[in-house]
Structure formats: C-alpha cells, structure tokens
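> Build the 3D model from these lines:
(one chain, ligands or ions: 1)
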Amino acid sequence: MKKQLLFSAVIFLLAAFVFTTTAMAQEQDTTIKEARIKTSAVCGHCKAKIEKAVNKLDGIESADLDSETKIVTVQYHSDVVTLENIKLAINKAGYDADDMTADKDAFDKLPKCCKNKDEHK
Ligand SMILES: [Cu+2]
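Okay, here's the model as predicted:
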C-alpha cells in the first residue's frame with residue numbers, strides 16, 4: 001500500500017512538471033505582439049527604408065508596410081522591444097509613426113520625392 005502511494009506521488013510530480021513546462025512554453029509565445037503603426041511613407045523606397053529600420057531592432061518577428069494605407073504591421077517580442085522603440089526607429093529613419101513625428105535631420109536627408117508626405121495623405 002505504501003509503495004502504491006509513492007508511485008502515485010511520482011506520477012503526480014511528473015504530471016505537474018510536464019504541465020508547468022507546457023505552461024511556460026505557452027507563456028513565451030504570448031510575448032509576441034502585433035502593432036499597426038501609421039507612417040508618413042510615400043513610395044516604395046520609403047517602404048523598404050522603414051521595414052529595414054524596424055527589422056534592425058532586436059526582438060522583431062516581422063515588419064510589413066502596406067503601400068496603400070502606409071500602415072506598417074509589426075510583430076514583435078514585447079519582452080525584448082517596446083512599441084515606443086519601434087516608433088523611434090521609424091522616426092530616426094525620417095518618418096512619422098502614429099503621433100510621434102520624424103527626426104528632423106533624418107527627414108531633411110530623405111530624397112525629395114519622399115518628403116511629399118502632405119500631398120499623399
Ligand atoms: Cu519614398
């Protein structure tokens with residue numbers, strides 16, 4: 001009878017271990033978040049530049065800018081990189097990101113066609 005009890009305890013501990021490990025693995029997945037950021041992109045050149053700037057950051061799964069809406073969809077690990085960091089990277093590339101405006105020096109260095117953000121709204 002005592003042996004059976006011990007056996008049950010071992011099974012219980014094993015089950016608890018497997019459950020905890022699975023729960024932890026799932027918890028890691030939930031750190032991936034998706035953000036949609038409105039940018040001041042104008043042309044294909046802008047799209048490439050913004051995607052490159054975002055992808056350069058640590059913790060980015062993917063970045064894809066929609067040429068029609070100028071919205072960049074970013075999948076990122078929220079435990080590695082913050083939404084604000086992503087927007088700052090876009091600002092530093094010379095573009096607005098939602099309510100955060102482009103870095104002035106970076107914007108001034110953009111090719112002329114890429115500065116027509118008001119005409120393309
Ligand atoms: Cu452009």
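
> how does this protein divide up, domain by domain?
As assigned by automatic domain parsing, the chain contains the domains 1-30, 31-115.

> Of all these, which one is nearest the ion?
domain 31-115 (3.1 Å; CB to the ion). In this view, the C-beta of every residue, glycine as well, is placed from N, C-alpha and C.

> just how off-centre is that closest one within its chain?
A distance of 10 Å separates the centroid of the chain from that of domain 31-115, by CA atoms, centre = their mean, to the nearest Å.

> which SS class is the residue nearest the centre of the chain?
Taking CA atoms, centre = their mean, the centroid of the chain lies closest to Tyr76, which sits 2.6 Å from it. When classified by DSSP: H, G, I helix; E, B strand; the rest coil, Tyr76 comes out as strand.

> could you give the mean pLDDT of stretch 52-70?
Confidence for stretch 52-70, expressed as mean pLDDT, is 97.

> ok, residues contacting it?
Residues outside stretch 52-70 that contact it (CB atoms under 8 Å, 6 or more residues apart in numbering): 32, 38-41, 44, 46-47, 50-51, 71-77, 79-81, 85-86, 89-90, 92-93, 120.

> Stretch 81-90 now?
33, 35, 37, 39, 50, 53-54, 56-60, 72, 74, 76, 96-98, 100, 102.

> Pull up the residues of this structure that are close to the ion.
Residues of the chain lying close to the ion by CB under 5 Å from the ion are Val42, Cys43, His45, Cys46, Cys114.

> Take those and write them to JSON lines, including pLDDT.
Shown next, in JSON lines, are these (pLDDT from 0 to 100):
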{"residue": "Val42", "pLDDT": "95"}
{"residue": "Cys43", "pLDDT": "94"}
{"residue": "His45", "pLDDT": "95"}
{"residue": "Cys46", "pLDDT": "97"}
{"residue": "Cys114", "pLDDT": "93"}
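
> List only those of these flagged as buried.
Buried members of those, scored by 16 or more other CB atoms under 10 Å, are Val42, Cys46, Cys114.

> Just the ones of the contacts of stretch 52-70 in strands?
If you go by DSSP state E, the contacts of stretch 52-70 have Ile32, Lys38, Ile71, Val72, Thr73, Val74, Gln75, Tyr76, His77 in strands.
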